[in-house]
Every structure is written in structure tokens, then in C-alpha cells.
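Undergrad: I would like the atomic coordinates for the input below:
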Amino acid sequence: MKSAIIHDWLTSSIGGSENCLQAIHEIFPSPIFSLIANQENLKGSYFENLEIITSFIEKLPFSQKKYRSYLPLFPLAIEQFDLRSFDLVISSSHCVAKGVLTHPHQTHICYCHTPMRYAWDLMHEYLQDANLNHGLKGFLTKCILHYLRGWDVLSSSRVDHFIANSCFVKKRIEKFYGKTADVIYPPVDIENYSLHEVKEDYYLTAGRFVPYKKIDLIVEAFSEMPDKKLIVIGDGPEKEKIQKKSKKNIEFLGYQTNEKMNYYLQRAKGFVFSALEDFGILPVEAMATGTAVIAFGKGGAKETILENETGLFFEHQTIGSLQKAIQQFEIQSWDPKKCRNQAEKFSKKNFTQQFHNLVINKYHESNHFSGRRRNSTLASF
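TA: Numbers count the residues shown, from 1 in each chain. Here you go, the predicted structure:
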């Protein structure tokens, strides 16, 4: 069985989708097709010496840093990959990877991180955050997103089987594509995060400083609670603006290594997470260290956190709602071992076993129901 893996873009090796890509490649070693690959950023990573085939996007001016500016060309670019020689095509998709062209004698399985959020249900929020909800530039952006929605639905029919990374994403696939999906949660490398039962008197939040992460909300909430210490880890375009909203009880540490992240997670009284995420790896990593979580009560967090056992939810993305949850959090007791046990459900080992078995079963089903006969050896998988 000859397989190929399709991924939207490889500009970093540290994101959640890249962790999934690595795990998939370890199960099914294959050439990786990607719109763009930033070889400089991939140095020293798992992907450095792999076979990666890129699209014409990589040859365009400033594509290494400004690749998102070429979003209208992504559908065309992904369709140019020649996959005729492969039996199995696995796409790791949060944008256009699922839209590759395959023929009837191939099996295409898509691990869907999410349908394009900025083109669907979060479009108005993205436009507002980017100040694109008015003017000529805003009008052109809306036209592009309208075109992408049509292509997104059309290209979903090219997938034989969808796998969603959460039940939340499964519902979005059903809503936007009219397709059913199995659910396999992403691999969280919990072995890199060790249990620590002794906690210190500070809260922790982390993530990229971009609008939808709502780190500004957390900073503003703690700025009004000067008796509670907050440590913030991360970087991004909103950092300076957010720092201006902070008070003396809030400490910004910038980007930190995995080792340092583990250290601060282990000792935090609680981890605060305010984003609406399709899955959300950080809350699971926090629980892996024995730290309970305060999270916005929608999206993937509802599937990973056990309410009143490994964390609490706040109902609205508002300062008052978060502060109320923090006050409730402090009058409850939290068992670090129970947090760790919950995190272990999302281990890389579980992902590997479930993903391997489902892909092989779907591959066999496709062959059986289509009446195809192939000379393929699956015993090695």
C-alpha cells in the first residue's frame, strides 16, 4: 500500500496540527505534500530530513513569511499535486489540504482539525478583529471568503472518510459539509509533562497573543484582582497591547521552552484558558502535570475537562464570568492525580492505536465496497 500525506503548510514544527502530522507520519511513513515548507524553521525538528513536496506558493515573493496573503490561491495550489501513484491519501486539514484531487481507485481519509473557521461560523469575529468589516478591503475579503466557502463545500465531497479531532469539530463537519465523521482526539505528548502535587500561589495562562485566544480577557480580569498573581507565557502580535492593560500582579515571561513550560505548569495553582478551541492541547498538558483548569465552557475543553473534578468552566467570555469562576475555583479542592489520569486519555499511544486501526479498516472497506482488487501488504502496519 503506497500512501501520501497532505498538510496545509509547514512553517513551524511546534503547533498542535504539526504534532498530529508527526504522529500520522510515524504510523504511515509517506511523502508529505504541503503548500509551503519553511526549511529554516524546521531545522532540528522531526520534519527536517523528510521528503516534503511543496506547491508553487513557495516560489511566490515573500511566501515564507506572508504565505497567508496568498489565501485565494490555496485551492488552486492544492489541486496541482499529482497523487496518481498512491493507493492511500491521508490529509491533515484545517484549510485546503482535504481538497486534493484523487481518482476513484484511491482512498482519501481526512483528519480534520476544523473546517475553515474564518470562512464559516467565526467569519464576523475574524473580520472585526482584523478591522475588515467595512471599506473596500473588507468588501474584497468578504468576496474571497464567499468563494472559499463554496470551494470548501465542493471539495469536501472528494474525501472518502472524515476523522474529526473532537465531537465539537464533528458537529461542524456535519453542519457545513453534510458529512459524518469518526472522532479521534489529537495526540498530546503527556510524557513530557510530569505530575507535581505541590502547588504554588499563582495562576498560569499561555498561548499565542492573537485575538481569538482572549488572553487580554484573562489579563484584564486579574488586573482587577490584585491579590492574585498571574504568570503569562507566550508571544504574538497582540502582546504589547495586552501588556498595557496589566497591573503589577501580572508577570509576562514571553516564549518558553517545553522544559520551562512544564516547570510553570507543574507548580501553578490553576491554568486559565479562555479561547474557543476545536480541541485545545494546553488544558490537557496542564492536567498532565496535575494542575486543574479554569476554561471557557465551549468547544473542545468541554470534552477534555471533567467539571468539578479536573477543572471549572466559565459561561461567557467576559471579565465578570471569569472572575466568578476563579472565586469558585479557590473554594474547591483539586486532586492532582485525578487531573493526571484524565490527561492520560489523550496520550499519543491512544491516538496511534485508534488512528492506525480506523485508517486500515476504512481502507479495506473502500476496497471491498468498490470491488477493487489491489496487491497490497498491510501486515507491516
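Undergrad: What segments of this structure are strands?
TA: 3-7, 32-34, 52-54, 88-93, 107-112, 161-164, 181-183, 203-206, 230-233, 250-254, 270-273, 293-296, 311-314 (DSSP state E).
Undergrad: With distance to residue 15 and mean pLDDT as new columns, can these be given to me in TSV?
TA: Backbone N, C-alpha and C define where each C-beta goes, glycine included. Listed next are those as TSV, based on distance: least, C-beta to C-beta, whole Å; pLDDT from 0 to 100:
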stretch	distance to residue 15	mean pLDDT
strand 3-7	11	98
strand 32-34	13	98
strand 52-54	16	97
strand 88-93	11	97
strand 107-112	14	98
strand 161-164	18	98
strand 181-183	20	97
strand 203-206	14	97
strand 230-233	16	97
strand 250-254	18	95
strand 270-273	17	98
strand 293-296	20	98
strand 311-314	23	97
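Undergrad: can you put these in JSON lines and add mean neighbour count and distance to residue 347?
TA: Listed next are the strands of the chain as JSON lines, based on neighbours: other C-beta atoms under 10 Å; distance: least, C-beta to C-beta, whole Å:
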{"stretch": "strand 3-7", "mean neighbour count": "25", "distance to residue 347": "22"}
{"stretch": "strand 32-34", "mean neighbour count": "24", "distance to residue 347": "24"}
{"stretch": "strand 52-54", "mean neighbour count": "17", "distance to residue 347": "27"}
{"stretch": "strand 88-93", "mean neighbour count": "26", "distance to residue 347": "19"}
{"stretch": "strand 107-112", "mean neighbour count": "26", "distance to residue 347": "17"}
{"stretch": "strand 161-164", "mean neighbour count": "24", "distance to residue 347": "17"}
{"stretch": "strand 181-183", "mean neighbour count": "18", "distance to residue 347": "16"}
{"stretch": "strand 203-206", "mean neighbour count": "25", "distance to residue 347": "21"}
{"stretch": "strand 230-233", "mean neighbour count": "21", "distance to residue 347": "23"}
{"stretch": "strand 250-254", "mean neighbour count": "15", "distance to residue 347": "27"}
{"stretch": "strand 270-273", "mean neighbour count": "26", "distance to residue 347": "19"}
{"stretch": "strand 293-296", "mean neighbour count": "26", "distance to residue 347": "18"}
{"stretch": "strand 311-314", "mean neighbour count": "22", "distance to residue 347": "19"}
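Undergrad: Which of these sits closest to residue 146?
TA: Closest of the strands of the chain to residue 146 is strand 88-93, at 20.2 Å (criterion: C-beta to C-beta).
Undergrad: Run through the neighbouring helices and strands of the closest one.
TA: Packing partners of strand 88-93 (3 or more C-beta pairs under 8 Å, 6 or more residues apart in numbering; DSSP states H and E): strand 3-7, helix 16-27, strand 107-112, helix 348-370.
Undergrad: Would you single out the least confident of the ones you listed?
TA: Ranked by mean pLDDT, the helices and strands packed on strand 88-93 bottom out at helix 348-370, which scores a mean of 89.
Undergrad: circling back: which one of the helices and strands packed on strand 88-93 lies closest to residue 61?
TA: That would be strand 3-7 among these, by C-beta to C-beta, at 22.8 Å.
Undergrad: Just the C-alphas of that closest one, formatted as CSV.
TA: Presented in CSV, the C-alpha positions along strand 3-7 are these (Å, rounded to 0.1, in the frame of the first residue of the first chain):
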residue,chain,number,x,y,z
SER,A,3,0.5,6.3,0.9
ALA,A,4,0.8,10.1,0.7
ILE,A,5,0.2,12.7,3.5
ILE,A,6,-1.2,16.1,2.6
HIS,A,7,-0.8,19.0,5.1
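Undergrad: could you check the angle helix 348-370 makes with that strand?
TA: 120 degrees (axes from the mean of the first three to the mean of the last three C-alpha atoms, to 10 degrees).
Undergrad: Could you give the number of residues near residue 360?
TA: 16 (other C-beta atoms under 10 Å).
Undergrad: now the strands of the chain in TSV, with distance to residue 220?
TA: Listed next are the strands of the chain as TSV, based on distance: least, C-beta to C-beta, whole Å:
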stretch	distance to residue 220
strand 3-7	36
strand 32-34	38
strand 52-54	41
strand 88-93	35
strand 107-112	34
strand 161-164	33
strand 181-183	34
strand 203-206	12
strand 230-233	11
strand 250-254	10
strand 270-273	12
strand 293-296	15
strand 311-314	14
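Undergrad: quick one: residue 186 from residue 114, how far?
TA: As judged by C-beta to C-beta, to the nearest Å, residue 186 and residue 114 stand 11 Å apart.
Undergrad: can you list residues touching both of the two?
TA: Overlap between the contact sets of residue 186 and residue 114, as judged by C-beta atoms under 8 Å, 6 or more residues apart in numbering, is given by residue 165.
Undergrad: Just the pLDDT at residue 169, thanks.
TA: On pLDDT, residue 169 comes in at 96.
Undergrad: meant to ask about residue 68, not that
TA: For residue 68, the pLDDT comes out at 88.
Undergrad: how close does it get to residue 82?
TA: 25 Å.
Undergrad: hmm, back to that, mind checking which of the helices and strands packed on strand 88-93 is nearest residue 193?
TA: Between these, helix 348-370 lies closest to residue 193; by C-beta to C-beta that is 12.0 Å.
Undergrad: That closest one to helix 16-27, inter-axis angle?
TA: Comparing the axes of helix 348-370 and helix 16-27 via the same axes, to 10 degrees yields an angle of 70 degrees.
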